[in-house]
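# one predicted model, sequence on top.
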Amino acid sequence: MIDHITFAVSDYPRSKAFYQKALAPLGFKVMMEFGPSCGFGDTHPFLWITAGKTTTGQLHIAFQAKDTAAVDAFYKAAIDAGALDNGPPGIRVRYHPTYYGAFVLDPDGHNIEAVNHG
């Protein structure tokens, strides 16, 4: 089980604002902040971003949503926060018959997903 993950972002204020908006519908918020680093979570900070040279290549992070409405709300919030569409909310039968997910690209081009397994 992973306790937390940290990755660097190229523009900390922009990415912090993006993740605050995009993750709010999933119940995640900034729980801790130290200089240009902050941790998002609900019971503890498990996703950390920090200022620095961003990870090369595309990172994929999937957040579990409590229901399909939360997936839809994540997608809308992320797009409103400046994300690029990488797959609108919907069933992805190639994963399994009740896999409902939405995919966006964050400000550094990372593939961020919200998923409900039905």
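In hand now; what should we look at? Numbering: from 1, shown residues only.

# and the pLDDT for the residue at the greatest distance from the centre of the chain?
Taking Cα atoms, centre = their mean, the residue of the chain most remote from its mean C-alpha position is P97, at 23.0 Å. P97 carries a pLDDT score of 96 in this model.

# hang on, it packs against H117?
No - taking Cβ atoms under 8 Å as the definition, P97 is not a contact partner of H117, at 10.1 Å. Glycine gets a C-beta too; all of them are placed from N, C-alpha and C.

# what segments of the chain are strands?
5-9, 29-34, 37-41, 45-51, 60-64, 84-91, 100-105, 111-116 (DSSP state E).

# F74 is nearest to which of those?
Closest of those to F74 is strand 111-116, at 3.8 Å (criterion: Cβ to Cβ).

# for the closest one, give the mean pLDDT please.
pLDDT averaged over strand 111-116 gives 97.

# which strands and helices sit next to it?
Where contact means 3 or more Cβ pairs under 8 Å, 6 or more residues apart in numbering; DSSP states H and E, strand 111-116 is packed against strand 60-64, helix 68-80, strand 100-105.

# by how many degrees do that strand and helix 68-80 diverge?
160 degrees (axes from the mean of the first three to the mean of the last three Cα atoms, to 10 degrees).

# please renumber the chain so that the first residue is 116 from this point on.
Understood, numbering begins at 116; the last thing we discussed is strand 226-231.

# how distant is strand 226-231 from the center of its chain?
7 Å (Cα atoms, centre = their mean, to the nearest Å).

# do the same with stretch 146-161
The chain centroid and the centroid of stretch 146-161 are separated by 14 Å under Cα atoms, centre = their mean.

# residues of it that come out buried?
M146, S152, C153, G154, F155, G156, P160, F161 (16 or more other Cβ atoms under 10 Å).

# do the same with stretch 200-212
Buried, per 16+ other Cβ under 10 Å, within stretch 200-212: N201, P204, R207.
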